[in-house]
Structure formats: structure tokens, C-alpha cells
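Novice: okay, sequence plus prediction incoming.
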Amino acid sequence: MKPRLRALFCDHLSLMRGKYLPHSKIGDDDTRFCRSVFGTHYDRDLLDAPGAMVKQGLPDMELRWRHDDIRDSWHASTRIVLGDLYDDAGAPLSLCPRGALKRAVAQWQARGLTPKVGIELEAYALQADDHGRLVPYDAPGGVVYGTGPFADPLRFNDRIWAMADEMGFALDMITAEFDSPQFEYTLTFDDAVKAVDDIVLFRLMAREIALEYGIVLTFMPKPVAQGGGSGMHVNLSFADESGGNALSCGPRGGPAHMNDLARGCLAGFLHHHKGLAGIIAPTANSYLRLQPGSLSGFWQNWGGDHRNVTTRISSEGGAKARLEHRMADASSNPYTAVAALLQAARLGVEQGYELPPMETGDGFDRTDTRESTAMTLKGAVADLEKDIALTQALGPELVANHVYMKQKEVRKTRDLEGDALRDFYVHFL
């Protein structure tokens, strides 16, 4: 058959929604969806969330894409594309996460800087036992930095690598993480929108390939209670107008070699630490991961080559100079998460926030700072509501929708624990 088109967008819950469309749609084109998916929750509850227009007739919105953005797919006779959302009047939809990222990028470009992003994803592999219950994938020989069949007996990651290469995803690495059967997937840095486009499609591809092997590959933050958490680390730098790395002060990196741009971005991350959590760690399960001493971005702090701080300053300089923000997890929408970090960084530069001293504690037995994220989703959403500057920068309509849906999620999950809480999310994230 002629190739069909799979047109997709990543919604407020970090779910990939889309349609299969005929070959004639392969080009500059569009298709329509019900706008009220922005009021739909994981359990399919339809809610009158701000901007979803559930009680205003559930009108259409339009997904538009360009021919140049259409790419090959990992499914036969199928091509795939991501697009931008517009309202029924043809204006950019204020709830569109990809649109929020494009706005953030444009604001940095107005300063002569182009954001560059590299994203590290972590995921657990689960499989059904004889009773149909999800349990960790049986990889008893798995160790941190493990490769080969002891870490992955079914070798589903080999298939993910091969298909990623065929699809043009620039993988930096796949390796086993600290807690078996946990894996890390890192893509090479790129312009921010391109990097996030690649991440959301790679994540979808990896989950769909793993499912063919009977594996539920979940990027949720804490699916295995006795294991470590899974994060979505965002590495950020900027290209200046000559193409150089604007964070670089020379061949060496680290705290002693930060310039004013790096300090301003870092101050923005710290100033908006609590509010950011409500956006980039946005599920009840996120707060099982965000804990003291968990290498997860809990504390409002920063350091050099230190994995127990929230923002890590790479010791690499030159073209590789970067800031690594370690709070986010992949239950967040990656477009919204990166947009929020770019906006927090921009506010830090423009508002001249004071940068607190570098963390000197080990993060396990001693931590200098006493400030942290909230301990629960409820608290994090409340912190986000209080962060007016971040809300206005990211988009008040998008944040209002997010806050409403997450407040409902708090109620939906407050009596869930263990496998019941995991199963509320696991097949979606």
C-alpha cells in the first residue's frame, strides 16, 4: 500500500495523540482534533479544565505540519510527523506545549542566543508474570553500566538501537542503570525544538518496540518501589551568533570557569526551583523519586561535578560547556519541561537574581541548603501557583490548565499506593 501518515502531538499528560491519515496528507497539511482532549485525564475522566472548552461545545483544534518535518517511521508503510496546534479561529493554541517551547526559544533568539538541549532518559523494563501482574524484567546479571545479554537477555535494546540508527535518531548511548532492570537512553544535543521532537518520538518508538518483546518500558519516575528513580536530565547550552558555545569561558568547565550567562541561568533555576517542580515533576509518583539523598533534584542547590545537586556544572568546557538540570522526569511533557527551564534561566539573566553559594555537602549526610521541592504533588502545584513570574513567562493559560488537571490528579491518587499507584500511570508513561 502507499505509505500512510501518522500525525502526532504530545499533550498535557505527556501522552502522544494522533491519527493515521492517507498518503495524500504527506505534505504541508493539517488535521483536526477535539480541543477537549486537554480536559481528559489518564483515567479518561473528561474535566472542564481551563482552555479545554468542555462546556463550550467541545470544539475543534487544528494540528498543522510542514512537509520538511515528515520523517520515516519504525512501522512499515508509515511516515510520521509532529506539528503545532491552532485554535478553531486559526490562532496558535495557548495550551500547545510545542508552541510554549517555540516561544521560549524565540525569546532567547531575540537576545542573539540559540538554545541547545541534550536529554537523558531513564526507564524501567517490566513484564507480566504468570498471573498477569507487572514485575521487573528478569535480568539477574544486570549491573550499573551493564551491556549485553546479562543486562538485557531478550536484547530488545539492540533492536531499539538499530531502529534509532535507521530513523536518524542520534543516540549518544544506551546502558544499564544502577537498579536492574533500569536503562538510560541519551540522545545527542541539538537545537531545542529538534532535540525535544527527537526525544518524544524516540520515547514512543522505544516503548512500542519493547512491547513487541512483551516488555512494558516505562519512563515513569518511580515504578519499582525498592529501586531508584528515573529522571529526565536536561543539559542546556546556547549557541551565539558566531556558532560558538555562549556558556564557554575556554577549554575548562566547572564552577571556577562560569561566565555571567551561566551564572544568570543558574540563579534562575534556583530562584524558581519550587515552582519548576510543579511543571517538570508533575505526577504523584514523581514525589516518590524526589527525596533527599536520591540524586534526583530535590534540593535547591547547585555544584560542580556533583550528582547529588539539582544543577550540575559540567567539568567539560569549550564546545561541551553546559548546565545539567536533574529534577525533571519523563512524566512531564518534554516540550513544557524544557520551555519552563528556558524561561526560568531567562528570568535569572534578565532579573539579575542573586546566585547562592555552591553546595559543599555530600548530599547524603550533609546538605548546606534547607530549601527543597515540595514533598508531594499537591505542594508542588501550590508552589507553581505562587510563582507568578514563571507562570507568566511559560504561558498563563497553559499553566492554568496544568494546575487544574494536577489538582484533580491529587484527588484521584491520594488513596493509591504501591502497585495501584504505579498502575494508574504505567501504561501511559
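Specialist: Thanks, I have the structure now.
Novice: give me the contact list for stretch 348-357.
Specialist: Where contact means CB atoms under 8 Å, 6 or more residues apart in numbering, the residues beyond stretch 348-357 that reach it are 111, 261, 263-272, 300-302, 347, 368-369, 389. No exception for glycine: its C-beta is placed from N, CA and C like everyone else's.
Novice: try it again at 7 Å.
Specialist: Contacts made with stretch 348-357 from outside it, assessed by CB atoms under 7 Å, 6 or more residues apart in numbering, are listed as 261, 263-271.
Novice: taking these one by one, which sit in strands?
Specialist: Secondary structure defined by DSSP state E assigns none of the contacts of stretch 348-357 to strands.
Novice: mind listing the helices for the chain?
Specialist: With helices called from DSSP state H, the chain shows them at 97-109, 156-167, 192-212, 260-271, 273-280, 286-289, 334-351, 377-386, 388-394, 396-413, 418-425.
Novice: point to the residue nearest the middle of the protein.
Specialist: For the chain, the residue sitting closest to the mean C-alpha position, by CA atoms, centre = their mean, is residue 334 at 3.1 Å.
Novice: mind naming the longest strand for this protein?
Specialist: Determined from DSSP E, the single longest strand within the chain is strand 114-128.
Novice: now it: buried residues?
Specialist: Within strand 114-128, the residues that qualify as buried by neighbour count (16 or more other CB atoms under 10 Å) are 114-127.
Novice: before we move on, back to that, most packed of the helices of the chain?
Specialist: helix 273-280 (a mean of 28; mean count of other CB atoms under 10 Å).
Novice: got the angle for that one vs helix 334-351?
Specialist: Taking axes from the mean of the first three to the mean of the last three CA atoms, to 10 degrees, one finds helix 273-280 and helix 334-351 inclined to each other by 160 degrees.
Novice: what's the average pLDDT for helix 273-280?
Specialist: Helix 273-280 carries an average pLDDT of 98.
Novice: what of stretch 167-175?
Specialist: Per-residue pLDDT values over stretch 167-175 give a mean of 95.
Novice: what's next to it, contact-wise?
Specialist: Outside of stretch 167-175, the residues within contact range by CB under 7 Å, 6+ apart are 71-72, 74, 145, 147, 157, 160-161, 164, 183-188, 198, 202, 205.
Novice: please identify the buried residues of it?
Specialist: 167, 169, 174.
Novice: how about stretch 355-369?
Specialist: Here stretch 355-369 shows 355-356, 359, 361, 363, 367, 369 as buried, counting by 16+ other CB under 10 Å.
Novice: and if you look at stretch 254-261?
Specialist: Across stretch 254-261, burial judged by 16+ other CB under 10 Å covers 254-255, 257-258, 261.
Novice: for that stretch, list the C-alpha coordinates in PDB.
Specialist: This file holds the C-alpha atoms of stretch 254-261, laid out as PDB (Å, rounded to 0.1, in the frame of the first residue of the first chain):
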ATOM      1  CA  GLY A 254      33.200  23.700  36.200                       C
ATOM      2  CA  PRO A 255      32.200  26.400  38.800                       C
ATOM      3  CA  ALA A 256      35.500  28.300  38.500                       C
ATOM      4  CA  HIS A 257      35.000  28.900  34.800                       C
ATOM      5  CA  MET A 258      31.400  30.100  34.700                       C
ATOM      6  CA  ASN A 259      30.600  33.300  32.800                       C
ATOM      7  CA  ASP A 260      27.800  35.800  33.600                       C
ATOM      8  CA  LEU A 261      25.300  34.000  31.300                       C
END
